[in-house]
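Undergrad: pasting the sequence and the predicted coordinates here, then a few questions.
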Amino acid sequence: MSPAPPHQDRSSAGRGDSDHPLRRMVAASLGRDEGIPPMTWTWQWLWGWMALAPFPALSLLPHPWEQRPCEEARQLRARWAAGRPGIVLVIGDSLAYGLELAHREQEAYPPLFLAMLQTRFGHPHLRLVNNGVPGRTALRAWQDWERRPLTEPPDLVVLQLGGNDAGQGIPPEEYAAALRALLRHFRPPTPVILVIPPWQYEEQRAYWEAAQRVALEEKVPAADFHTALRTPPCDVRGPFPGGAHPRAAAHMRMALELYRAFAQWMGDPPGLWLRPEGPPHREGWEVNLSSTA
């Protein structure tokens with residue numbers, strides 16, 4: 001009778017080693033021990049992370065969703081953190097203007113966004129230039145600013161257009177071309193945040209998609225007003241319950257989405273984002289902001 005194969009002898013003789021918890025966990029993760037249930041994905045992830053521990057350059061790579069601030073963001077952060085005077089320019093239509101608001105100078109999303117920036121940086125010297133013009137299209141905005149000299153160059157530009165382009169039946173590709181031309185008029189060197197406009201009817205969806213493509217192709221941060229206005233909790237009557245324009249509560253949501261896009265581009269962790277305090281449903285309400293850090 002031939003002797004047992006060597007590997008069988010080792011298996012029976014070295015069972016104590018195979019019962020070691022660490023060895024059993026590794027075997028389970030690799031599916032090599034039928035007597036042990038497969039390791040969960042959580043443990044697999046943990047072991048993979050530990051395997052990279054000797055290689056800090058690999059184990060400390062940022063998560064895919066983490067956006068590191070670009071040079072424009074770093075320069076802007078340094079200027080505002082130092083308390084230097086700055087200008088935030090908003091180029092938009094009736095949404096930026098605050099049409100149909102009782103107190104548009106305080107309740108429209110541009111002044112709300114400015115208040116958030118002032119709170120974030122502790123910087124009262126930031127100034128808003130609200131260039132919201134009711135009825136304006138992207139092409140009209142580009143024509144206005146192409147000829148206008150920048151006597152006071154802004155530190156940050158917000159472009160919010162598209163509602164009137166959709167309402168006037170301007171082809172989405174022409175809207176996108178005008179939006180891109182306006183964006184390139186300021187950038188570089190001025191950083192730009194592009195607003196993805198809200199839409200009410202399915203035929204207006206093409207303008208929302210066109211703005212998204214422009215933001216992606218031009219590599220600029222985007223604030224999606226459409227999604228922000230429809231993310232619960234929201235008004236069951238829709239974002240424009242009183243007519244063609246949003247009310248004060250919707251303007252707060254748009255301002256928060258604009259600040260979210262800014263903070264993500266700036267590289268702020270979520271703990272530095274802001275939250276509103278106070279009753280947003282009341283006409284003439286005052287906005288008090290505090291940092292969550």
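TA: That came through fine. Numbers count the residues shown, from 1 in each chain.
Undergrad: quick one: residues contacting Arg187.
TA: By C-beta atoms under 8 Å, 6 or more residues apart in numbering, the residues touching Arg187 are 157, 218, 220. Placement of C-beta: from N, CA and C, glycine included.
Undergrad: gap between it and Glu174?
TA: In this structure, Arg187 and Glu174 are 21 Å apart, going by C-beta to C-beta, to the nearest Å.
Undergrad: contacts only, for the closest residue to Gly162 other than its chain neighbours.
TA: Sequence neighbours aside, Pro197 is the residue nearest to Gly162 in space, at 3.4 Å (criterion: C-beta to C-beta, 6 or more residues apart in numbering). Going by C-beta under 8 Å, 6+ apart, Pro197 touches 160-163, 166, 207-208, 211, 225-226.
Undergrad: ok so, going back, top of the contacts of Arg187 by neighbour count?
TA: Val157 (25 neighbours; other C-beta atoms under 10 Å).
Undergrad: what residues of the helix or strand hosting that residue count as buried?
TA: If you go by DSSP states H and E, Val157 is part of strand 156-160. Residues of strand 156-160 classed as buried by neighbour count (16 or more other C-beta atoms under 10 Å): 156-160.
Undergrad: same question, stretch 124-138
TA: Applying 16+ other C-beta under 10 Å to stretch 124-138 flags 126, 128, 130-133, 136-138 as buried.
Undergrad: now, the residues you listed that are in helices?
TA: Ala138 (DSSP state H).
Undergrad: make TSV out of the buried residues of stretch 124-138 and add pLDDT and distance to Ala81.
TA: Listed next are these as TSV, based on pLDDT from 0 to 100; distance: C-beta to C-beta, whole Å:
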residue	pLDDT	distance to Ala81
Leu126	93	12
Leu128	97	19
Asn130	97	24
Asn131	96	26
Gly132	96	28
Val133	96	32
Arg136	97	34
Thr137	96	37
Ala138	96	33
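Undergrad: in CSV: the buried residues of stretch 124-138, plus distance to Leu182.
TA: Formatted as CSV, the buried residues of stretch 124-138 follow (distance: C-beta to C-beta, whole Å):
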residue, distance to Leu182
Leu126, 23
Leu128, 19
Asn130, 16
Asn131, 12
Gly132, 14
Val133, 13
Arg136, 11
Thr137, 11
Ala138, 6
